[in-house]
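**Student:** make a model of this:
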Amino acid sequence: MKKPYEDVAAAVKAQTGAQGVVLIVFGGVRGSGAAIDVTTTMAALLPQYLRAVADELDRDARTRVQ
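**Tutor:** Next up is the predicted model:
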């Protein structure tokens, strides 16, 4: 079963020539969801990248609260 935004992630990857795309949509026309389209090489690195993004979001949130 295809995820709601799988085609969008694939299109962005193709149009940008990227090795990978991680797309998170909140309240879109197809609802909320996520889609990932990455090369095999990028798939191995994805957890590291996502942890870095999560860490940055945590830092930003803490800065806004203070």
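
**Student:** got the phi/psi numbers for residue 18?
**Tutor:** phi -80, psi 160 (degrees, to the nearest 10).

**Student:** so what's it up against?
**Tutor:** Residues near residue 18 by CB atoms under 8 Å, 6 or more residues apart in numbering: residue 12. To be clear about C-beta, it is placed using only N, CA and C from the backbone, and glycine gets the same treatment.

**Student:** recalculate using a threshold of 10 Å.
**Tutor:** 9, 12, 37-39, 42 (CB atoms under 10 Å, 6 or more residues apart in numbering).

**Student:** swap in residue 43?
**Tutor:** 19-20, 36.

**Student:** what ranges do the strands span in this protein?
**Tutor:** Under the criterion DSSP state E, the chain contains strands at 20-28, 31-38.

**Student:** out of those, flag the one nearest residue 55.
**Tutor:** Closest of the strands of the chain to residue 55 is strand 20-28, at 15.5 Å (criterion: CB to CB).

**Student:** stretch 26-35: which residues count as buried?
**Tutor:** residue 35 (16 or more other CB atoms under 10 Å).

**Student:** start and end of it, how far apart?
**Tutor:** End-to-end distance of stretch 26-35 (CA to CA, to the nearest Å): 12 Å.

**Student:** name the residues that touch it?
**Tutor:** Against stretch 26-35 from outside (CB under 10 Å, 6+ apart): 2-10, 12-13, 21-25.

**Student:** what of stretch 49-62?
**Tutor:** Residues contacting stretch 49-62 (CB under 10 Å, 6+ apart): 20, 22, 36, 38, 42.

**Student:** swap the cut-off to 7 Å and go again
**Tutor:** Residues outside stretch 49-62 that contact it (CB atoms under 7 Å, 6 or more residues apart in numbering): none.

**Student:** just the CA trace of that stretch, in PDB.
**Tutor:** Included here for stretch 49-62 are C-alpha records, laid out as PDB according to Å, rounded to 0.1, in the frame of the first residue of the first chain:
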ATOM      1  CA  TYR A  49      20.700  12.500  10.100                       C
ATOM      2  CA  LEU A  50      17.400  12.200  11.800                       C
ATOM      3  CA  ARG A  51      19.000  12.200  15.200                       C
ATOM      4  CA  ALA A  52      20.900  15.400  14.300                       C
ATOM      5  CA  VAL A  53      17.600  17.000  13.200                       C
ATOM      6  CA  ALA A  54      15.900  15.900  16.400                       C
ATOM      7  CA  ASP A  55      18.700  17.300  18.500                       C
ATOM      8  CA  GLU A  56      18.500  20.600  16.700                       C
ATOM      9  CA  LEU A  57      14.700  20.700  17.300                       C
ATOM     10  CA  ASP A  58      15.200  20.000  21.000                       C
ATOM     11  CA  ARG A  59      17.800  22.800  21.200                       C
ATOM     12  CA  ASP A  60      15.600  25.300  19.400                       C
ATOM     13  CA  ALA A  61      12.600  24.400  21.600                       C
ATOM     14  CA  ARG A  62      14.600  24.800  24.800                       C
END
